[in-house]
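Trainee: Next input, structure requested:
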Amino acid sequence: MGHVEVGRLTYVLPDGRPLLNDVSFRVGDGVKAALVGPNGAGKTTLMRLIAGDAEPVEGSVVSSGGLGVMRQFIGSIRDTMTVHDLLVSVAPEPIRVAAAQLDKAEIAMMESESEKIQMRYAQAISDYSDAGGYDIEVTWDACTIAALGIPYDRCKYREVNTLSGGEQKRLVLEALLRGPDQTLLLDEPDNYLDVPGKVWLENQLRETSKTVLLVSHDRQLLANAADRIITVEGGNIWVHGGGFASYAEARRDRNARLDELRRRWDEEHAKLKKLVLMLGQRAKYMDTMAAAYHSAQTRLRKFEEAGPPQESARDQNINMRLRGGRTAKRAVICESLELTGLMKPFDLEIWYGERVAVLGSNGSGKSHFLRLIAGGDVAHTGVARLGSRVIPGHFAQTHSHPELLGRTPVEIVMTEHARFKNEAMKVLARYELAGTIGEQRFETLSGGQQARLQILLLELSGTTLLLLDEPTDNLDLASAEALQDGLNAFDGTVVAVTHDRWFADDFDRYLVFGSDGQVYESDEPVWDETRVVRKR
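Mentor: A predicted model of the protein is given here:
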């Protein structure tokens with residue numbers, strides 16, 4: 001069993017802005033705790049501090065049972081990382097150290113076979129064995145079979161960038177859940193997983209005896225798997241001991257209590273200041289009032305030194321004004337459409353104003369379909385065309401926008417849609433992207449902030465057909481709800497690829513890309529095809 005304890009942690013960003021202020025919490029043995037909060041509030045930074053990837057200004061982190069870490073971005077160590085490298089990167093530290101020494105020794109053996117090099121190689125093999133390297137490779141074999149369907153020996157030299165995002169996530173999760181570390185830090189483990197993968201993850205989290213601290217924006221996963229919610233907002237931490245079902249009510253009650261405490265503090269502060277002023281005026285004419293005056297001054301000074309109670313966190317006020325516009329009755333027309341190697345030919349008509357969710361497992365062609373409708377170069381046969389006055393706007397799942405790199409949100413909005421900086425800031429403020437966030441380079445924004453900026457650009461472009469590829473993946477809870485409100489008010493057509501069960505409930509139609517290449521419609525969301533009898 002393991003635990004994590006954070007004590008009075010303070011962290012300041014490189015540009016001098018405070019991010020976390022004197023935060024403390026504990027995740028006890030076997031607890032499954034979810035870390036939530038607005039995009040950019042410091043969730044990933046807090047996870048990095050606990051993992052030892054960053055150093056706090058003050059405070060301490062203590063953990064037990066060994067610490068297994070899934071970082072937010074898996075393939076970031078180097079582009080040519082192999083499956084072996086990836087599994088080593090999430091192994092216990094003694095195995096990581098021994099594996100690195102063994103790699104160096106193997107390279108040296110390729111260059112020279114001197115007795116000294118051979119002895120060093122033999123020692124590296126022994127050290128790797130003593131650290132448990134060969135034992136854990138047995139576990140890795142089970143992991144690769146479960147995640148990829150391939151034994152470890154057959155895929156260990158395969159480059160990670162040839163795996164889908166879901167395969168990468170599943171492989172790391174298998175390794176951590178089966179590994180020896182008893183405390184796991186999982187930063188957005190459900191991103192890129194399809195719904196069967198998310199259900200698998202929920203079951204694993206419920207069944208494991210390990211202690212887990214995870215960051216997730218998937219409301220259904222939070223409801224199904226987390227038994228404690230830790231919120232990061234306004235630089236502070238607060239803990240809800242119940243599950244996600246009671247979280248919203250608990251947050252409202254907490255903010256109401258904090259507002260009441262602040263109101264009482266302000267009233268008492270005003271009374272003390274008024275008392276000091278009154279006694280000061282009387283003391284000018286009555287020597288007998290001097291002692292009372294000094295006593296009141298002391299009370300006021302101590303009261304102000306103690307400071308006001310913690311303020312309630314300000315609710316995000318994200319106002320997405322997705323307007324759209326009237327188009328032809330048939331917004332999207334597909335005739336005998338087949339994406340090469342991904343699906344069998346199908347016909348489809350999407351009518352103006354409809355909300356169509358595109359569902360299916362990873363790799364079934366959903367993202368390719370959206371790119372084709374958006375005008376992208378995707379190999380296909382058959383017809384895919386748009387109706388008159390239909391202006392497509394594409395939200396890309398990967399947030400891959402090289403044209404935005406090195407530019408700030410203010411610069412991006414001014415270049416495309418505003419003449420003056422104050423106009424750009426006013427627009428960005430509706431998406432909680434103004435102020436210092438608006439002056440940050442695009443690549444330094446959190447995933448959720450990048451997603452909100454991309455949605456804002458769709459709003460400003462005048463699109464009448466929204467093509468959204470996993471739009472809620474990186475959005476915090478408030479942003480996801482704001483997006484749903486914005487889509488409900490949108491005067492146009494929406495086609496969204498999603499694995500977000502909560503989000504999908506708002507849609508009118510469900511287009512399912514089956515694992516056998518068939519594309520079909522369903523009256524309700526289909527997450528597990530093995531449980532569905534299709535309508536013919």
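
Trainee: For Arg321, which residues are in contact?
Mentor: Neighbouring residues of Arg321 by C-beta atoms under 8 Å, 6 or more residues apart in numbering: 430, 459, 486, 489. Where C-beta positions appear, they are placed from N, C-alpha and C, glycine not excepted.

Trainee: meant to ask about Tyr192
Mentor: 164-166, 168-169, 362, 473.

Trainee: I'd like to know how many residues surround Tyr157.
Mentor: 10 (other C-beta atoms under 10 Å).

Trainee: would it count as being in a strand?
Mentor: No. The assignment for Tyr157, made by DSSP: H, G, I helix; E, B strand; the rest coil, is coil rather than a strand.

Trainee: Check whether it really touches Thr82, as I assumed.
Mentor: Yes. Applying C-beta atoms under 8 Å, one finds Tyr157 in contact with Thr82, separated by 5.3 Å.

Trainee: Spit out the residues that contact those two alike.
Mentor: Common neighbours of Tyr157 and Thr82, using C-beta under 8 Å, 6+ apart, do not exist here.

Trainee: before we move on, the earlier item: out of the contacts of Tyr192, name the ones that lie in helices.
Mentor: 165-166, 168-169 (DSSP state H).

Trainee: Which pair in those has the greatest spatial separation?
Mentor: Gly166 and Gln168 (7.3 Å; C-beta to C-beta).

Trainee: how far is the one helix or strand Gly7 maps to from where the chain is centred?
Mentor: Assessed by DSSP states H and E, Gly7 sits inside strand 3-12. On the basis of C-alpha atoms, centre = their mean, to the nearest Å, strand 3-12 sits 21 Å off its chain's mean C-alpha point.

Trainee: Pull out the buried residues from that strand.
Mentor: Neighbour-count burial for strand 3-12, counted by 16 or more other C-beta atoms under 10 Å, picks out 3-4, 6, 9, 11.

Trainee: Can you add distance to Leu20 and pLDDT and give these back as TSV?
Mentor: Formatted as TSV, those follow (distance: C-beta to C-beta, whole Å; pLDDT from 0 to 100):
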residue	distance to Leu20	pLDDT
His3	20	96
Val4	15	96
Val6	9	96
Leu9	6	95
Tyr11	4	96
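
Trainee: Max pairwise distance over those: which two?
Mentor: Greatest spatial distance in the buried residues of strand 3-12: His3 and Tyr11, 21.2 Å, computed using C-beta to C-beta.

Trainee: wait, doesn't Ile230 sit right on Phe25?
Mentor: Yes. With contacts counted by C-beta under 8 Å, Ile230 reaches Phe25, the gap being 5.8 Å.

Trainee: more crowded one of the two?
Mentor: Legend: neighbour count by other C-beta under 10 Å for Ile230 and Phe25, higher for Ile230 (23 against 20).

Trainee: out of the contacts of Arg321, who has the most neighbours?
Mentor: Glu459 (21 neighbours).

Trainee: Contact partners for Asp266?
Mentor: Contacts for Asp266 were tallied using C-beta under 8 Å, 6+ apart; they are Pro308.

Trainee: swap that for Cys334, please
Mentor: 346-349, 382-384.

Trainee: Among the residues you listed, name the buried ones.
Mentor: Here, 16+ other C-beta under 10 Å leaves 346, 348, 384 buried among these.

Trainee: Going by distance to Thr288, which of those wins?
Mentor: Leu348 (91.2 Å).

Trainee: and the closest one, bridged to which residues?
Mentor: Leu348 forms beta bridges with Cys334, as assigned by DSSP bridges.

Trainee: hey, where'd the strands end up in the stretch 1-150 of the chain?
Mentor: With strands called from DSSP state E, counting those that start in this stretch, the stretch 1-150 of the chain shows them at 3-12, 18-27, 32-36, 58-64, 67-70.

Trainee: Flag every buried residue along the fourth one.
Mentor: Going by neighbour count (16+ other C-beta under 10 Å), the buried part of strand 58-64 is 59, 61, 63.

Trainee: I'd like to know how many residues surround Arg389.
Mentor: Neighbour tally, Arg389, other C-beta under 10 Å: 13.

Trainee: which residues touch the strand or helix carrying Leu487?
Mentor: Using DSSP H and E, Leu487 sits in helix 477-489. Contacts with helix 477-489, where a contact means C-beta under 8 Å, 6+ apart, come from 36, 38-39, 217, 219, 315-316, 318-322, 355, 432, 448, 451-452, 455, 466, 471-472, 475, 494, 500, 502-503, 506.

Trainee: from those residues, which ones fall inside strands?
Mentor: Mapping the contacts of helix 477-489 onto strands (DSSP state E) picks out 36, 355, 466, 494.

Trainee: just for the stretch 51-200 of the chain, where's the confidence low?
Mentor: Applying pLDDT under 70 to the stretch 51-200 of the chain flags the ranges 75-79.

Trainee: Let me see the ranges of the helices in it.
Mentor: According to DSSP state H, counting those that start in this stretch, the stretch 51-200 of the chain carries its helices in the segments 83-89, 93-111, 115-130, 133-148, 152-155, 165-178, 195-207.

Trainee: and the second one, how far out from the chain's middle?
Mentor: Pointing back at helix 93-111 there. Averaging C-alpha positions (C-alpha atoms, centre = their mean) puts helix 93-111 34 Å from its chain's average.

Trainee: Can you list the buried residues in it?
Mentor: For helix 93-111, by 16+ other C-beta under 10 Å, it's 95, 98-99, 101-102, 105, 108.

Trainee: What is the helix or strand of the chain with the lowest mean pLDDT packed up against?
Mentor: Lowest on mean pLDDT, DSSP states H and E among the helices and strands of the chain sits helix 409-417, with a mean of 84. Contacts defined by 3 or more C-beta pairs under 8 Å, 6 or more residues apart in numbering; DSSP states H and E place helix 409-417 against helix 421-429, helix 447-461.

Trainee: With mean pLDDT added, can I get those helices in TSV?
Mentor: Listed next are the helices and strands packed on helix 409-417 as TSV, based on pLDDT from 0 to 100:
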stretch	mean pLDDT
helix 421-429	88
helix 447-461	88
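
Trainee: From the chain's centroid, how far away is the lengthiest helix in the chain?
Mentor: Determined from DSSP H, the single longest helix within the chain is helix 247-283. In terms of C-alpha atoms, centre = their mean, the centre of helix 247-283 is set 37 Å apart from its chain centre.

Trainee: What residues of it count as buried?
Mentor: Quick answer for helix 247-283 (16+ other C-beta under 10 Å): 247, 250-251, 255, 258, 272, 275-276, 279, 283.

Trainee: ok, of those, which one's closest to Ala374?
Mentor: Taking the buried residues of helix 247-283 together and measuring to Ala374 by C-beta to C-beta, the closest member is Tyr247, at 36.1 Å.

Trainee: helix or strand for the residue lying closest to that closest one once chain neighbours are set aside, which one?
Mentor: In space, and not counting its chain neighbours, Tyr247 is closest to Ile229: 5.0 Å by C-beta to C-beta, 6 or more residues apart in numbering. Secondary-structure assignment from DSSP H and E places Ile229 in strand 228-233.

Trainee: Just want the angle from the very next helix or strand once past that strand to strand 3-12.
Mentor: Note on strand 228-233: by DSSP H and E, the next helix or strand toward the C-terminus is strand 236-240. Between strand 236-240 and strand 3-12, the angle comes out at 150 degrees (axes from the mean of the first three to the mean of the last three C-alpha atoms, to 10 degrees).

Trainee: What is strand 236-240 packed up against?
Mentor: Using 3+ C-beta pairs under 8 Å, 6+ apart: strand 236-240 touches strand 18-27, strand 228-233, helix 247-283.

Trainee: Distance to Gln123 for these - can I get that in JSON lines?
Mentor: Shown next, in JSON lines, are these (distance: least, C-beta to C-beta, whole Å):
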{"stretch": "strand 18-27", "distance to Gln123": "39"}
{"stretch": "strand 228-233", "distance to Gln123": "44"}
{"stretch": "helix 247-283", "distance to Gln123": "53"}
